[in-house]
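> Take this sequence and fold it.
(2 chains)
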Amino acid sequence: MPGKRYRLGCDIGGTFTDFVLLDDRTGALHVHKCLTTPQDPSDAVEAGIRALSERVPGLVEELDELIHGTTLVINAILERKGARTGLLTTRGFRDVLELGREIRYAPYDVMAEFPEPLVPRRRRLEVDERVRSDGSVLRPLDVAQARRALDELLAQGIESLAICLINSFENPVHERALQRLVGEVAPDLSVSVSCDVLPQIREYERTSTTVTNAYVKPLTGRYLRRLADRVAALGCRSKLFIMLSSGGITSVETAAESPVRIIESGPTAAVIAGQYWGRRFGVPEMFCFDMGGTTAKSCLIQNGRAGVVPTFEVGRVQRFQRGSGLSIQVPVVDLMEIGAGGGSIARISRLGTLQVGPESSGALPGPICYGRGGVEPCVTDADLLLGYLDERYFLGGTMPLDREAARRGVEDRIAKPLGVTFLQAIWGIHDLINETMAAAAKTHIAEKGGNPRLVTVVAFGGAGPVHAYGLARKLGAPRLLVPPNAGVGSALGFFTAPRAFDLVRSHKVSLEAADFAELEGMFRELERAGARTLAQSGAADEPVTFERSIDVRFVGQGAETTLPVPEPDFTRLDRAAVRRRFDEEYTRLYGRTYPEAAVEFIHFRVRARLPERLLEMQRLPADSRPLEQAVKGVRPAYAPGRRDFAPHTVYDRYRLGAGATFDGPAIVEERESTLVVGEGARVRVDEFGFLWIDLPEVP
Amino acid sequence: MFDPITIEILWRRLLSIVDEADSAVARTAFSSLLRDAHDYTCMFTDRRGRELAQGTFATPGQSGALALGIQKLVRRQPLEAYRPGDVFLTNDPWILAGHLNDVCVYAPVFHRGKVVAFSASVFHHSDIGGRVASDNHEVFEEGLFLPPVKLYDAGVANEAVFDILRWNVRTPDEVIGDVRSQIAANHVCSEKIRRLLEEYDLDGLEELADEICDRTERSMRAAIEKVPDGTYRAEGVIEQVEGRPDVVIRCAIHVRGSDIVVDLAGSSPHVDWGGNVVYHFTYAYVFMALKSVFDPDLPNNDGCTRPIRLEAPAGSVVNCTFPVAVAARMQIGHFLTEIVYRALAPVLPDRVIAGSGGTPATMNVLYGRRRDGRPWHTVVIRGGGMGASARRDGAHVYIFPANGANTPVEILENDTPLIVERRELLPDSGGPGRFRGGLGRCEVLRVPEDACAPGTSVSLAMQAGRFRLPPEGLEGGRPGALARFLVNDRPGNPYGLTRLRPGDVVTLDAAGGGGFGDPRERDRDRLAADVADGYVTPEAARRDYGRGGRSSVPPPPSKRSSNPPAPPGASGNG
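Residues are numbered from 1 along each chain as shown, chains lettered A, B, ... in the order given. Presented below is the predicted three-dimensional model:
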């Protein structure tokens, strides 16, 4: 195969930064994990690349692609640590952001809370201007007045500005004028303009998406530029791709301009990896479970496919409640994220009960046992004290854990105040976080039409394999799958992600009146733009293919039905064929169609993609050594069935050969994670080193 | 028999099925009242017509009334008489949610050759013909009245019904399109039910329905039992057409063990305009109050209604009889929830909220013709500030106790020739209190007089309230601001049909929510933040809270959830 040898996936989480290096010649993987460096996350990236290149000589010169995902963006929103943001909007509409859509998401809960807008009212100012719904100007922009509003926001110390005017999706002339004004008055101010971020009708959704973009733009831009510089300074001349929330990829420039599109960048990788394993092993229903230090992400994958939804919410104030978060209108893989991770803090609630999460201690200070100043007991502390983790083998022994400090913390802050035994306290923390995740998982699985008792749980992330067994038990799932390098396994998704960009153009025209030659011109333009963006990312030498689709609806409807257009030339299609295709799809979805009712085109879409690159999995070498040589020893760990500690056999994952089988209770250690297997379960190692765990029947 | 885990899985699945039907509406509906404002309800029942699941975002008036009405509808003929492909339609207000615009489409769901369920939806259609105003005298003036009829007979369309609909409404394409959306929603629902039954190899839903409903009933009863036996009373006074005495609703809530009887004896008789409420709609908002107080988390089904009985004298405004006018029934019906809250406030002070500006919901119907003669027609709904509670400030601008979303400005302007000049919060409209009532909002509409002016005058009809009697506070909290309806800055008549000409400007101010607790006890930082954000003006801070508002303050708490916890005085359930 021509081209360079290596691809590197890198995922920055709230607590850890994960690396997976793929050698395309051999299929060999090299992994690395280090603590995230919140002050400047590119520190960890650089350190990781350096560490890997010591192990893999020639890495820097032979690096073909660096694919990057990060949870920085979402964490900034969840923790409200984004930029101090201002909003300029049309006179009379400063409250659009706060009013939202005015629907009560829990109709019978009169105490329901609603999320606080990212920009408070005092920093939402109005300008005198108005564009009509047909795009004509009703009232010209008063530039002098706009200047005063801008000055007032600047005086309030804003670091980022969102511009969203009524009807700007029809005619952005005033938004552009404001953008120019900002360029003159405050050239260094970060600006997000709604006609760029989301040129679509409905002012709340557009404002909310634009404001969210503005809120995270300075920090994302700073970070990505520094990252690109540092990677270049190391001597890498690789392509650099950023993972999108939708499962595609984009360039650094585009990501820095539209950070709202990479909000779920990190978690998406795990889903992409899950899709790959689901297809590879033919698992019809797979529940992808990725638990890190701060959050747990999960997603149901049916027949190797996860859903993508056109809109999502961040920061739901009521757990799991649809409608209780900030609305963002960008395509995103349909995953569920909750505040449950190794760093989730255990506390005593106002009602005097144990509460675990959603607050996390993150990388700093982290759990007590990290010895980095943490004083509040976390899930990882409990996992250590339950015997599931080995204080001398955390991250392969590079990060010693302080068991004694953790013990004191749980004793003083949980066990004593609650009046329970130490054992009840540590098991309570572990079990409660599992219960929280199981409840959320059941809802998610059922909503997607799956059955938790049929799913294969696949575990990723540093804490995933530690908790997957307990979670699977609570779900009633029969089987658990743990891929090699599970602690960083989600980063494998970076290699199997479609290397594709999605582009869309809105143009409302009836099927009868549409000029197909003009539409073909529009498709070509979108395709050229897609090819340009791919070239920008450094992939100028690879062939690009395009997939087209159209969004069609009955005249008068408010939403569209998407139809693929496999034909490479729109002018070759006739109206009747397009109409037939619409009627067939509409009947499939809704039972009937109405051929006498007129239809119209709304959006035209193009996906520009580079050739798929497959991931060759490396087979384990034939191994006839006895299982005993993989046993590191036996240590006491908590066995819930016995309500006490029991001896667990500890295996070294790197010494487990293909075909090996053994029974729980057992612990399997690898550098980045630890798998806990309960009593009665059977573990089998397959030819690629995946662990398949059959759980005992739930009584 | 089902084990507990399977029940949980299947229950969640039923809920997600009805939510899928619900989102199919947003994707297929034509009018903005449905696809944007979500004024519709999807549900399905077992073969006996007992409600099993309803959409998460259902509006309580439609869902509560439909749960009663659908039982009567499906039992109009024996099960054997239903055939695959049958689809029925009716808008009888006395069977459904109390006015002609609410149209129900329902259909049997077949599995293994037998009826196993009924899927049903009620949509608030933007037009149903008739004279659109609140001051009609009889239902005959209010539009087309369709008793239960077959829309499809074993899959064959009944074109006569479609034609009758088409010729009686102002915007036939939209109304027919929306009926088709109802058919689509039912289709999605029944397909998914069939798939579920196949997957679990079940013959029907009966056994599962019993399990789910019984569990729900037990949960509701357990909550009611915590309230001491006794009779709790309240009286509601509701404004009506100028010159008539205020409407009075007397409410006695008898709690005996886990049973509740709500008796509305002594309430005012019919009114001579459209504010009359059918029994089902009265029931829906009494139920809304009790469900939200006792068991807000469990999804609704037949089980949670079993402990509740409603008695309302026939011929009263809360159990009106055919053929009185009913179009504006929410102007009175929505008040039932807050009246029940007031009755229960002494025993459940931390479970109820003060009066809300979104009670009643406001509805505006606007229609006319464009310059080129094309008809246009739109319906928008709106709430006001929510009442404050013992736990926190009232939220701004929600419809309560009904539910629904706003119509985006950009959609409204796209669908009509009107210009929206303002849509923003009204400072000082929230009732002062230890916890402040939510703010109302204003909306200012202009009929353009330039080249975009409409071809005819614009008709405006509305249903609204709180023009004279504001939302009350609780526990020493003060009332929220009144609503206003102005045409060119002069008070308009909210009950009649208003004709607007090019250049006219309409101002619609929604009321604010009532406050909770003594305003002098309001947290100083929160008051200062309110002033900095302009929710409360400095003058009002001095006048209503007895304190000066500072103009510059430290940053406010970053989350609304940072409201202080409930004070020790506010105890738990009963």
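> For my notes, confirm B:Asp210 occurs in a helix.
Yes. Under DSSP: H, G, I helix; E, B strand; the rest coil, B:Asp210 falls within a helix.
> separation between it and chain A?
As for B:Asp210, its distance to chain A is 20 Å (criterion: C-beta to the nearest C-beta, to the nearest Å). Where you see a C-beta, it was placed from the backbone N, CA and C, and this is true even at glycine.
> Please apply the same query to B:Glu539.
In terms of C-beta to the nearest C-beta, B:Glu539 sits 18 Å off from chain A.
> Against which helices or strands is the helix or strand where that residue lies packed?
Using DSSP states H and E, B:Glu539 maps to helix B:538-545. The contact analysis (3 or more C-beta pairs under 8 Å, 6 or more residues apart in numbering or on different chains; DSSP states H and E) places helix B:538-545 against helix B:524-532.
> and the residue nearest to the spatial centre of chain B, backbone torsions?
Among the residues of chain B, B:Ala402 comes closest to the average C-alpha position under C-alpha atoms, centre = their mean, at 2.4 Å. Torsion angles at B:Ala402 (phi, psi; degrees, to the nearest 10) stand at phi -70, psi -170.
> So A:His603 sits against A:Glu560, correct?
Yes. Shown here, A:His603 and A:Glu560 form a contact pair, counting by C-beta atoms under 8 Å, at 6.7 Å.
> Identify the contacts common to these two.
A:Asp551 (C-beta atoms under 8 Å, 6 or more residues apart in numbering or on different chains).
> where does chain A dip in pLDDT?
A:1-2, A:319-320, A:350-351, A:489, A:614, A:623, A:698-699 (pLDDT under 70).
> Only the buried residues of the longest helix anywhere in it, if you could.
As assigned by DSSP state H, the longest helix anywhere in chain A is helix A:203-233. Neighbour counts over helix A:203-233 (16 or more other C-beta atoms under 10 Å in any protein chain shown) mark A:203-221, A:223-224, A:226-228, A:230-231 as buried.
> And A:Asp11, how close does it get to A:Asp40?
The gap separating A:Asp11 from A:Asp40 is 17 Å, by C-beta to C-beta, to the nearest Å.
> what about these two, which has more around it?
The residue with more neighbours, out of A:Asp11 and A:Asp40, is A:Asp11; 32 against 14, by other C-beta atoms under 10 Å in any protein chain shown.
> Chain B - how does it break down into domains?
Here the domain parsing of chain B from automatic domain parsing is B:4-217, B:353-574.
> residues in contact with B:Ile353?
Residues near B:Ile353 by C-beta under 8 Å, 6+ apart: A:Val110, A:Met111, B:Tyr341, B:Met386, B:Gly387, B:Ala388, B:Ser389, B:Gly394, B:Leu474, B:Gly513, B:Phe516.
> out of those, which are inside helices?
Filtering the contacts of B:Ile353 for helices - DSSP H - leaves B:Tyr341.
> out of the contacts of B:Ile353, who has the most neighbours?
Most neighbours among the contacts of B:Ile353, by other C-beta under 10 Å: B:Gly513, with 44 neighbours.
> so who does it touch?
So B:Gly513 contacts B:353-357, B:384-388, B:394, B:430-431, B:437-440, B:471, B:480 (C-beta under 8 Å, 6+ apart).
> quick one: it and A:Leu423, what's the gap?
B:Gly513 is 49 Å from A:Leu423, by C-beta to C-beta.
> As a markdown table, the contacts of B:Ile353 with distance to A:Glu264 would be great.
Output for the contacts of B:Ile353, formatted as a markdown table (distance: C-beta to C-beta, whole Å):
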| residue | distance to A:Glu264 |
| --- | --- |
| A:Val110 | 32 |
| A:Met111 | 30 |
| B:Tyr341 | 41 |
| B:Met386 | 32 |
| B:Gly387 | 37 |
| B:Ala388 | 36 |
| B:Ser389 | 35 |
| B:Gly394 | 33 |
| B:Leu474 | 42 |
| B:Gly513 | 36 |
| B:Phe516 | 39 |
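> Looking at pLDDT only, which of the contacts of B:Ile353 scores worst?
Ranked by pLDDT, the contacts of B:Ile353 bottom out at A:Met111, which scores 88.
> tally of neighbours for residue 133?
In the absence of a named chain, chain A is used. By other C-beta under 10 Å, 24 other residues sit near A:Ser133.
> sorry, should have said chain B
Residues lying near B:Ala133 (other C-beta under 10 Å) number 25.
> That one reaches B:Tyr495, doesn't it?
Yes. The pair B:Ala133 / B:Tyr495 is scored as a contact, 7.0 Å apart, by C-beta under 8 Å.
> about what we covered before: is the longest helix of chain A in proximity to chain B?
Yes. Counting by C-beta under 8 Å from any C-beta of the partner chain, chain B has neighbours in helix A:203-233: A:Glu203, A:Tyr204.
> and after that helix, which helix or strand comes next?
Sequence-wise, the next helix or strand downstream of helix A:203-233 (DSSP H and E) is strand A:239-243.
> Quickly run through the sheet partners of that following strand, with directions.
The pairing partners recorded for strand A:239-243 under DSSP bridges are strand A:63-70 (parallel), strand A:249-250 (antiparallel).
> Tell me what angle the helix holding B:Glu539 forms with helix B:524-532.
For helix B:538-545 against helix B:524-532, the angle by axes from the mean of the first three to the mean of the last three C-alpha atoms, to 10 degrees is 140 degrees.
> Just the buried residues of helix B:538-545, please?
The neighbour-count criterion (16+ other C-beta under 10 Å) identifies B:Ala540, B:Ala541, B:Asp544, B:Tyr545 as the buried residues of helix B:538-545.
> Can I get it in PDB? Just the C-alpha atoms.
Provided in PDB are the C-alpha atoms of helix B:538-545 (Å, rounded to 0.1, in the frame of the first residue of the first chain):
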ATOM      1  CA  PRO B 538     -35.300  49.600  40.400                       C
ATOM      2  CA  GLU B 539     -38.600  51.400  41.200                       C
ATOM      3  CA  ALA B 540     -40.500  48.200  41.600                       C
ATOM      4  CA  ALA B 541     -37.700  46.700  43.700                       C
ATOM      5  CA  ARG B 542     -38.200  49.700  46.100                       C
ATOM      6  CA  ARG B 543     -42.000  49.600  45.900                       C
ATOM      7  CA  ASP B 544     -42.700  45.900  46.000                       C
ATOM      8  CA  TYR B 545     -39.700  44.500  47.900                       C
END
